[in-house]
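Enquirer: following is a predicted model, sequence given first.
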Amino acid sequence: MHQLTLAEIARGLADKKFSSEELTKVLLARIAQLDPQLNSFISLTEDLALAQAKAADARRANGENGALLGAPIAHKDLFCTQGIRTSCGSKMLDNFKAPYDATVVAKLAAAGAVTLGKTNMDEFAMGSANESSYYGPVKNPWNLEHVPGGSSGGSAAAVAARLLPAATGTDTGGSIRQPAALTNLTGLKPTYGRVSRWGMIAYASSLDQGGPLARTAEDCAILLQGMAGFDPQDSTSIDEPVPDYSASLNGSLQGLRIGVPKEYFSAGLDPRIADLIHNSVKELEKLGAVVKEISLPNMQHAIPAYYVIAPAEASSNLSRFDGVRFGYRCEDPKNLIDLYKRSRGEGFGPEVQRRIMVGAYALSAGYYDAYYLKAQKIRRLIKNDFMAAFNEVDIILGPTTPNPAWKLGAKNSDPVAAYLEDVYTITANLAGLPGLSMPAGFVDGLPVGVQLLAPYFQEGRLLNVAHQYQQNTDWHTRTPTGF
Ligand code: GLN
């Protein structure tokens with residue numbers, strides 16, 4: 001039963017082959033048995049899950065239907081869940097029980113999804129390896145000595161290991177697409193403003209976006225349907241109707257114009273990944289797509305711009321964790337300044353402290369123009385590059401990451417080496433565009449992802465291209481040994 005996708009679960013529940021309660025019990029037992037190897041969960045919510053499963057079964061017995069009604073999922077532990085610990089992977093929030101549900105959590109619960117638990121993540125979503133979590137690193141089910149990617153590494157490892165069919169993630173600079181690539185999943189970062197950020201603990205507010213992680217594009221369509229939509233509580237949420245994503249999966253790729261940026265194939269890319277990307281292009285050509293070389297000339301400035309903007313916003317967002325209002329408070333403070341200093345010094349881990357310092361520096365008087373303002377100008381140039389490219393092509397294709405999953409600890413002493421792994425993903429966040437990563441093959445037994453980018457609000461196009469590709473390839477069906 002654990003091999004079923006969301007789409008198959010919906011059919012099985014509708015045909016009364018099994019109940020949501022039965023399925024939930026099977027998956028909870030599987031998590032108890034296998035997760036100790038992976039560490040993909042921070043909290044399990046067994047009681048809530050069983051109550052939600054029973055309620056979903058009752059709704060189905062009353063004639064209700066729905067793709068998510070009774071479907072087991074999990075939430076990245078930065079989505080607020082009422083009365084349940086919402087840690088953001090940090091000691092700072094280890095004792096924090098959210099007083100309300102994030103909009104995404106509430107919407108999925110209303111659709112009848114069953115929450116099995118809260119997944120492990122890099123502390124405050126800062127990282128690409130899931131090693132900065134206060135709750136310990138997550139292991140990649142494809143090779144337990146390797147990282148699963150981050151920051152949504154717990155969601156990715158759990159879904160890849162068939163502990164559950166799908167989970168939520170968030171993507172500020174690649175944190176859905178990169179772990180999807182490194183664990184052989186399909187992951188979608190929607191257009192900025194498509195999914196509400198209300199109740200999603202902020203890292204960099206102008207870049208953060210929630211989205212689905214699943215094994216197939218078909219399942220990403222189902223989960224995104226439950227997450228997307230206007231929310232008056234989020235002033236950056238966009239009041240556009242949500243299309244039927246599952247209905248968009250039947251489009252022909254005949255004549256689809258795919259742009260492949262020449263800048264993507266630089267020295268930093270593992271040549272074996274480059275070969276797999278070229279294979280995926282050939283596959284799409286067989287389905288009728290036409291390929292064209294394009295240029296994104298400002299791409300080389302993306303990492304420096306992102307690593308100014310994201311820490312700058314983070315330094316501001318994280319100032320609310322001061323030991324006074326909520327979260328961790330140090331023991332026996334001598335005075336107010338000591339309380340602030342020690343609460344933040346003891347509550348935040350080293351990577352979060354590094355980002356706060358970089359961000360505060362970039363925003364300080366005298367440096368604001370030199371760093372922050374300049375980074376914002378680069379951001380505009382990157383967006384303009386995309387706008388020009390999308391005049392010529394319907395979709396942009398390339399690698400999701402320059403390398404497969406690295407060994408645990410391999411980049412710990414060199415944070416910049418980890419930042420460089422984000423080279424292909426962060427441009428979509430800087431421009432606010434939707435992006436998807438899907439399985440494209442293996443290097444040394446480790447999964448490789450191909451990334452697709454589309455114009456604003458063309459999530460349906462991304463999902464359709466990925467679905468057509470997955471109808472004609474079987475990379476996404478491969479299961480890690482032992483799971
Ligand atoms: N790796 C990037 C960072 O550390 C992206 C993280 C994310 O998307 N949340 O900032």
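Expert: Cool, the structure landed.

Enquirer: nearest residue to the residue of the stretch 201-350 of the chain found nearest the ligand other than its sequence neighbours?
Expert: Going by C-beta to the nearest ligand atom, the ligand is nearest to residue 310 of the stretch 201-350 of the chain, at 5.2 Å. From N, CA and C alone the C-beta is placed, and that goes for glycine too. Distance criterion C-beta to C-beta, 6 or more residues apart in numbering; nearest residue to residue 310, sequence neighbours excluded, is residue 204 at 4.1 Å.

Enquirer: those residues of the stretch 1-150 of the chain touching the ligand, which are they?
Expert: When proximity is defined as C-beta under 6 Å from any ligand atom, the stretch 1-150 of the chain approaches the ligand at 125, 126, 127, 128.

Enquirer: in the stretch 201-350 of the chain, which spans are strands?
Expert: Counting by DSSP state E, counting those that start in this stretch, the stretch 201-350 of the chain has these strands, from start to end: 210-214, 257-261, 290-294.

Enquirer: what's the answer for the stretch 1-150 of the chain, then?
Expert: Going by DSSP E, counting those that start in this stretch, the stretch 1-150 of the chain shows strands at 41-44, 72-76, 114-119.

Enquirer: so which of those gets nearest residue 93?
Expert: strand 41-44 (10.4 Å; C-beta to C-beta).

Enquirer: pLDDT of that closest one, averaged?
Expert: Averaged over strand 41-44, pLDDT sits at 98.

Enquirer: can you list the strands of the stretch 201-350 of the chain in TSV and add mean neighbour count and mean pLDDT?
Expert: Shown next, in TSV, are the strands of the stretch 201-350 of the chain (neighbours: other C-beta atoms under 10 Å; pLDDT from 0 to 100):
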stretch	mean neighbour count	mean pLDDT
strand 210-214	31	98
strand 257-261	19	98
strand 290-294	15	98
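
Enquirer: before we move on, the earlier item: need the strands of the stretch 1-150 of the chain in a markdown table with distance to residue 28, can you?
Expert: Below are the strands of the stretch 1-150 of the chain laid out as a markdown table (distance: least, C-beta to C-beta, whole Å):
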| stretch | distance to residue 28 |
| --- | --- |
| strand 41-44 | 7 |
| strand 72-76 | 9 |
| strand 114-119 | 6 |
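
Enquirer: now those strands as CSV including mean neighbour count?
Expert: What follows is the strands of the stretch 1-150 of the chain, written out as CSV (neighbours: other C-beta atoms under 10 Å):
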stretch, mean neighbour count
strand 41-44, 21
strand 72-76, 29
strand 114-119, 29
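
Enquirer: so which of the ones you listed is nearest residue 426?
Expert: strand 72-76 (18.6 Å).

Enquirer: let's see that closest one as CSV, backbone CA atoms only.
Expert: Included here for strand 72-76 are C-alpha records, laid out as CSV according to Å, rounded to 0.1, in the frame of the first residue of the first chain:
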residue,chain,number,x,y,z
PRO,A,72,-1.9,11.0,4.0
ILE,A,73,0.6,13.9,3.8
ALA,A,74,3.1,15.7,6.1
HIS,A,75,4.0,19.3,6.5
LYS,A,76,7.5,20.8,6.5
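
Enquirer: from residue 347, how far off is whichever residue of the stretch 351-483 of the chain sits closest to the ligand?
Expert: When scored by C-beta to the nearest ligand atom, the stretch 351-483 of the chain has residue 422 as its residue closest to the ligand, at 4.8 Å. Distance of residue 422 to residue 347, given as C-beta to C-beta, to the nearest Å: 26 Å.
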